[in-house]
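In: any chance you could fold what I've pasted below:
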Amino acid sequence: MATLRTLATSLLTIALFNSAFAAAESINAGDIKASDSLPFDIKPLANFDTPWALAFLPDGKALVTEKPGHMFLVDQQGNKQAISGVPEVATGGQNGLLDVALAPDFNKSKQVYFSYNAPANGGSKVTLMKATLATQSDSLALTNKKVVWQQSEAASGGQPGGRIAFSPDERYLFFTVGDRMAPDSAQNPAHPSGKIFRLTLEGGTPDTNPHADDGGVRAQTWSTGHRTPYGLAFSSNGTLWETEMGPKGGDELNLIKPEGNYGWGDVSNGDNYDGSPIPDHSTRPEYDAPAVYWTPVISPGGIALYNRSEFPGWKESLLISSLSGQGLVRVGINNDNQIGEIERWKLNKRIRDVAVAPDGAIWLLEDSNPGQLMRLTLKAQ
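Out: Next up, the predicted model:
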């Protein structure tokens, strides 16, 4: 299969990807052209100030975070209700209020998890907090707030990461932290940056972690060598997938495995912003290469598994929001974690996050101020 990467790079249309699943070698999907022909209708629902993430409640309403430090509850018609009690957030550049996710037992506990940059001497600390979403008279508030995890070292850079995902058995919490613009930190096992952590729901260290007995950062680390891990989602077979932005080239879709090392800042399929080269993954086989990479870049944000029937043929697809690519990407995967279809649609908006609603519709967040919340449904034939 050594020619697969060359073949994938040369493909200029989406259709050529649709015939068969690819093997495990990295695919460069950067040359796949985005289509202006959309298979879905787009309905704008509401506007926000630089929205970052959304998470659906069982009743179809959604929580939406704004990077400057606000959270809202939004219904299917786009009506917004502010949620008070968000802690102080260090905002600026890429930092601010980040992801939000429902606790696995939300129906009973009404707890939510969210991530943000907490102000600290020397910059900020990426922080994971949980709280109760409480109704107070006619208002909503975050109460009983508790820090679940926090970077032990403050950083002045961006690239915070901050994505949250729960294991399919709902026993563990996976949390991403970017390199904070300090590439060397990603390969330092004692540094709390450039990692994906596996935690208990209370922020402790599971005794089944690879290095649980080591203590500190290493005990909680599931994988390392990450630059800007801005998307995290499980597929139906329990595989964990992650998206991250590369530097000048080399955006990645990674299959995450315990003790995996994905190479940053020693390797990348992109170059430094000043044009100086970085060794490719192929030169260092001891590092885990991405399943798919994009050169030129798409700047991937959030990622969601589509496992519904409302969009025919999309089951077991990963939907990836695209900022610089200004659209939506679909990657088909099979039960053996092989890559099938890769499609892109041009929306002319920087898309920060994507989520699948309980009714099978797809909701997108635009990274702008104002940034639209949009609902996608299958276009009538």
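In: so Gly204 is in which element?
Out: Using DSSP states H and E, Gly204 sits within no helix or strand.
In: ok, now how distant is it from Trp149?
Out: Applying Cβ to Cβ, to the nearest Å, the value for Gly204 to Trp149 is 9 Å. C-beta here means a position set from N, CA and C on the backbone, and glycine is covered the same way.
In: what of Ala304?
Out: When Ala304 is compared with Trp149 (using Cβ to Cβ), they lie 23 Å apart.
In: the two: who's more crowded?
Out: Neighbours per residue (other Cβ atoms under 10 Å) separate Ala304 from Trp149, with Trp149 holding more: 23 against 19.
In: check the nearest residue to the more buried one once chain neighbours are set aside and give its pLDDT.
Out: Among residues not flanking Trp149 along the chain, Leu128 sits closest, at 4.3 Å (Cβ to Cβ, 6 or more residues apart in numbering). pLDDT, Leu128: 98.
In: partners of Leu128 in the sheet?
Out: Ser115, Trp149 (DSSP bridges).
In: distance of it from Ser223?
Out: When Leu128 is compared with Ser223 (using Cβ to Cβ), they lie 17 Å apart.
In: try Val126
Out: 16 Å.
In: could you do Gly157 as well?
Out: Gly157 is 21 Å from Ser223, by Cβ to Cβ.
In: and these two? Which one has more around it.
Out: Shown here are Gly157 and Ser223; by other Cβ under 10 Å, Ser223 has more neighbours (25 against 17).
In: quick one: name whatever helix or strand follows the helix or strand where the more buried one lies.
Out: Ser223 is part of strand 221-224 when elements are defined by DSSP H and E. Downstream of strand 221-224, the next assigned helix or strand under DSSP H and E is strand 229-234.
In: what does that next one contact?
Out: Residues from elsewhere that reach strand 229-234, judged by Cβ atoms under 8 Å, 6 or more residues apart in numbering: 161-165, 167-168, 174, 176-178, 196, 240-245, 300-305, 318, 320-321.
In: partners of it, with directions?
Out: Strand 229-234 sits in its sheet next to strand 240-244 (antiparallel), going by DSSP bridges.
In: got the contact list for the partner strand?
Out: With Cβ under 8 Å, 6+ apart, strand 240-244 has contacts from 163, 165, 174, 176, 178, 196, 226-235, 251-257, 300-303, 318, 320.
In: pull it out as CSV, backbone CA atoms only.
Out: Taking Å, rounded to 0.1, in the frame of the first residue of the first chain, the C-alpha atoms of strand 240-244 are listed here in CSV:
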residue,chain,number,x,y,z
LEU,A,240,-11.0,7.7,20.2
TRP,A,241,-10.3,10.2,17.4
GLU,A,242,-8.7,13.6,17.7
THR,A,243,-8.2,16.5,15.4
GLU,A,244,-5.4,19.1,15.7
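In: quick one, what contacts Val147?
Out: Contacts of Val147 by Cβ under 8 Å, 6+ apart are Thr127, Leu128, Met129, Gly203.
In: what helix or strand does it sit in?
Out: Using DSSP H and E, Val147 falls within strand 139-150.
In: now do that strand, average pLDDT.
Out: pLDDT averaged over strand 139-150 gives 97.
In: just the buried positions in that strand, please.
Out: Across strand 139-150, burial judged by 16 or more other Cβ atoms under 10 Å covers Leu140, Ala141, Leu142, Val148, Trp149.
In: my read: the last one touches Phe175, true?
Out: Yes. At 6.2 Å, Trp149 counts as touching Phe175 under the criterion of Cβ atoms under 8 Å.
In: what do those two both touch?
Out: Overlap of the contact sets of Trp149 and Phe175 (by Cβ under 8 Å, 6+ apart) consists of Leu128, Phe197, Leu199.
In: any idea which of those residues has the most stuff around it?
Out: Within those, Leu128 tops the neighbour count with 25 neighbours, counted by other Cβ under 10 Å.
In: residues contacting Glu362?
Out: You called it Glu, but residue 362 is Ile. Ile362 touches Phe40, Ala304, Tyr306, Phe311, Leu319, Leu328, Val354, Ala355, Val356, Arg375, Leu376, Thr377, counting by Cβ under 8 Å, 6+ apart.
In: that one pairs with what?
Out: Residues in a beta bridge with Ile362, per DSSP bridges, are Val356, Leu376.
In: now do the one 10 residues further on
Out: For Gln372, the beta-bridge partners are Asn47 (DSSP bridges).
In: how near is it to Gln338?
Out: The value you get for Gln372 to Gln338, if Cβ to Cβ is used, is 34 Å.
In: name the residue in these two with the higher neighbour count.
Out: The neighbour comparison of Gln372 against Gln338 (other Cβ under 10 Å) goes to Gln372, with 19 against 14.
In: and that one, how close does it get to Ala82?
Out: Counting by Cβ to Cβ, the gap from Gln372 to Ala82 is 18 Å.
In: please apply the same query to Leu253.
Out: Distance from Leu253 to Ala82, by Cβ to Cβ: 35 Å.
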